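**Q** structure for this input, please:
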Amino acid sequence: MVEKEIHLGDLQLDDDAVISKLDDLKRAIKTWASRRRLWKDTWFHTPYIHRNECPRRGDILYLCSEGPLYDVFRGILDDKYERYQEQFEEILNSFGFRYEMEDHITATILPSNEKAFDDYLAVYRWQWLKEKSKHRLIDLHAEVFEFVSSRPGSVRNLSWREFEEFLDAVFRNQGFYTELGPGGDDGGVDIRLYRNSVMPELVTLVQAKRYKTLPIGLEPVAALLGVASEQRALDAIFVTTSRFQPKAKRFAKTTQQRIDLPSIELADSERVAEWCRDISESLRKFYQGEQFAFLPSSLSAKSTGLTGKVVVAHSHFDGIRNYFCVVDADFPNESILRYIPSTVVSDDGYGQRGSEVADIQNHHVGQRFVASKSIDDKGRVSFWGDRHLFFLWDGTPQHFDCD
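**A** Got it, this is the predicted structure:
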């Protein structure tokens, strides 16, 4: 069988060609396990979907079992199970995969070829970006902008409305207060940029055209200048996923040399990628504990009742460990959490077991991360992020056991 060629450089890849390898492997594993009556209480998970967070390199496929296949995972010293384990590994090898144990019931399926890690990461990041774009939840994620910065052509695969919403997020992360148009009958303006929400001075008008190949000529650029002049905007930006014809470029350059006219900037996919590269770097610095020279409007939103609250998560995989965070910023569906240290209030004299509380007096700036937020049927708020499930801390000492 001849495999489809996959080009990762500009998202000219065939998602199906990448994912079909996993689908074939899953069918082979399930068929093999079912014939040996090992498939009971066994299932597959796509890691980033299962954890509801950004795909990471190495997040390929989970195989989970609480049934007979679990005994194959843990290597029972029995001829039958040793034979099954050999067969399981042979199937993986035949498809170019291997496995490692994520925890006691979960095997992580990984490619044997190191380059394939990037293939799957690219596909999963794109699928994740599309899902986030659908719900307008891309502002806070450095990974979104990192992805587009490395694959400028990827924005061509957004719908025209998703492209406008993506640009809206880009400009918010540049510190502007934005007004996204309705998406139709917009008078030639898709996004209006203001200095801030307190002083609503119109600074820039943005027109966006999501085309695959159709070049932008002089007429639409000249029309944008007319709208910008009429609305007294200082500048205007014409953004496209295709390219600009020479006459359009010369016209825009002329406006930049005139003090009596709004200045027109022409931005193609490569220019959008440059913006995204800067945003990605700024967001990464923020999540690593550094402060912004300016806060994107998405991060400087009005505080809610949860901002400043302390939350805690527990890990039971290797002992009992507690993770404390403070809610740095809170939004309807996501929050930004920041790790804070803990203080031991009692222990066994060896520091192995005891209880601890959050050190809320410590002003050390810890690492931040984005967590999805949900409310259960009992009204309890929870936050899922960085592979932990956090709940609001009630202020009581939390038991730990590191032994």
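**Q** quick check: end-to-end length of stretch 71-89?
**A** Taking CA to CA, to the nearest Å, stretch 71-89 runs 14 Å from one end to the other.
**Q** so what does the helix or strand of the chain with the lowest mean pLDDT touch, helix or strand wise?
**A** The weakest-scoring helix or strand in the chain, judged by mean pLDDT, DSSP states H and E, is helix 68-73 (a mean of 85). Contacts defined by 3 or more CB pairs under 8 Å, 6 or more residues apart in numbering; DSSP states H and E place helix 68-73 against helix 79-94. C-betas here are computed from N, CA, C, even on glycine.
**Q** list the buried residues for the helix it packs on?
**A** In terms of neighbour count (16 or more other CB atoms under 10 Å), helix 79-94 has its buried residues at 81, 84-85, 88, 92.
**Q** which neighbouring elements make contact with it?
**A** Using 3+ CB pairs under 8 Å, 6+ apart: helix 79-94 touches helix 15-35, helix 68-73, strand 97-103.
**Q** go with 7 Å
**A** helix 15-35, helix 68-73 (3 or more CB pairs under 7 Å, 6 or more residues apart in numbering; DSSP states H and E).
**Q** find me the pLDDT at residue 402, would you?
**A** Note for residue 402: predicted pLDDT of 84.
**Q** that one against residue 319, yeah?
**A** Yes - applying CB atoms under 7 Å, one finds residue 402 in contact with residue 319, separated by 5.0 Å.
**Q** pick out the residue nearest the middle of this structure.
**A** residue 54 (4.0 Å; CA atoms, centre = their mean).
**Q** what's the local residue count around the nearest residue to residue 375 once chain neighbours are set aside?
**A** Once flanking residues are discounted, residue 375 sits nearest to residue 381: 5.4 Å by CB to CB, 6 or more residues apart in numbering. By the criterion of other CB atoms under 10 Å, residue 381 has 17 neighbours.
**Q** repeat that for residue 95.
**A** Neighbours of residue 95 (other CB under 10 Å): 17.
**Q** any idea how far it is from residue 22?
**A** Residue 95 sits 9 Å away from residue 22, going by CB to CB, to the nearest Å.
**Q** okay, helices next: where are they in the stretch 51-200 of the chain?
**A** Using DSSP state H, counting those that start in this stretch, the helices of the stretch 51-200 of the chain run over residues 68-73, 79-94, 115-134, 142-150, 160-172.
**Q** tell me the contacts of residue 98?
**A** The neighbourhood of residue 98, defined by CB atoms under 7 Å, 6 or more residues apart in numbering, consists of 92, 110, 112.
**Q** for the residues you listed, which one is nearest residue 326?
**A** Lowest distance from residue 326 to these (CB to CB) belongs to residue 110, with 34.9 Å.
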